[in-house]
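Peer 1: Give me the fold of what follows.
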Amino acid sequence: MAISTQIQLARRPAGWPTHDDFHTTTVKYGPLEPGEIRVANEFLSVDPYMRGRMNDVKSYVPPFALGETMTGGAIGRVIESTVDDIPVGAVVLHQYGWRDIVQEPARGFRVVPEVPGHPLSIYLGMLGLTGMTAYVGLTAIAGLKPGDDVFVSGAAGAVGTAVGQIAKLLGAGRVSAPRARPRRSRSSPRNTVTTPLSTTRTGRSPANSPRWHPMASTYSSTTSAATISKRLSTRLRPAGAPRCAARSRRTTTPRQHPARATCRTSSQGA
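Peer 2: Coordinates of the predicted model:
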């Protein structure tokens, strides 16, 4: 038997989410059924799109249901298994979300290799949906060629930040992003791969770019992922489970919401 600490949506937030919008619960898992595995999550992903899913509105993805555990990207290690192809100790990626222990059929998990020198959270970022979106957008959709200039309209977000870095690695010429003010924010990193364009303040595109690739803006939320992750951490920590470390991935655009936060959980055995 295993006890799982989980976070559920208790009510629809009005504006900034509060503690009262979430509910912490524990779920007891019985013995594994054939074809099931049990996983101890190490990292949970808290993304801006999740704020939109807390609203009961029609969108490209169904809203979170009240009274049910929040779903989303997570990665962990198998601690018990009935499947030969997914042994104990294997690292798996899944979408079962905000819980420290998950027990589900093996078809809902994907085994991934560990990358030496990098935390498992890399699969929730550059080696996950974030990096894939940036890479496919640049190569398969925009058709980036060496020497092309790239304009990133949402360079303060997770995908936008990845676009700038990948574009440079693929041989792009000038990689540019909008700027909201002339001087750099204190929170901006000193070494950035994007150049702010004053022309974008008036909504004009770079006229001197031989091939201008307008990349889609990253999702803008009414609240920051960092704020949600801190509240998630507060709720789970008393139960001895996840600890959250919000990560702001900013470039040259000041005063933007962090695009992604990653929650680290403490492994628990069965």
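Peer 1: Pull the contacting residues for Glu33.
Peer 2: For Glu33, the contacting residues are Thr82, by CB atoms under 8 Å, 6 or more residues apart in numbering. C-beta: built from backbone N, CA, C; applies to glycine.
Peer 1: So it versus Met70, what's the distance?
Peer 2: Shown here: Glu33 relative to Met70, a distance of 24 Å by CB to CB, to the nearest Å.
Peer 1: pLDDT below threshold where in this structure?
Peer 2: In the prediction, the chain carries residues with pLDDT under 70 at positions 179-270.
Peer 1: Can you report how many residues lie near Thr24?
Peer 2: For Thr24, the number of neighbouring residues by other CB atoms under 10 Å comes to 18.
Peer 1: I'd guessed Gly73 sits against Gly125; true?
Peer 2: No: counting by CB atoms under 8 Å, Gly73 stays clear of Gly125, with 9.6 Å between them.
Peer 1: What is the subsequent helix or strand relative to the helix or strand hosting Arg38?
Peer 2: Counting by DSSP states H and E, the element that carries Arg38 is strand 36-46. Towards the C-terminus, the helix or strand next in line after strand 36-46, according to DSSP H and E, is helix 49-53.
Peer 1: and that next one, which residues are buried?
Peer 2: Of the residues in helix 49-53, those with enough neighbours to count as buried (16 or more other CB atoms under 10 Å) are Met50, Arg51, Gly52, Arg53.
Peer 1: and if you look at stretch 116-131?
Peer 2: Along stretch 116-131, the positions that meet the burial threshold by neighbour count (16+ other CB under 10 Å) are Leu120, Ser121, Ile122, Tyr123, Leu124, Gly125, Met126, Leu127, Gly128, Leu129, Thr130, Gly131.
Peer 1: can you give me phi and psi for the third one?
Peer 2: If I follow you right, that is Ile122. Its backbone dihedrals place Ile122 at phi -60, psi -30, with angles given as degrees, to the nearest 10.
Peer 1: who's in contact with it?
Peer 2: Counting by CB under 8 Å, 6+ apart, Ile122 makes contact with Val115, Gly128.
Peer 1: Who are the packing partners of the strand holding Arg38?
Peer 2: Contacts defined by 3 or more CB pairs under 8 Å, 6 or more residues apart in numbering; DSSP states H and E place strand 36-46 against strand 74-81, strand 91-94, strand 101-105, helix 225-236, strand 243-247, strand 260-264.
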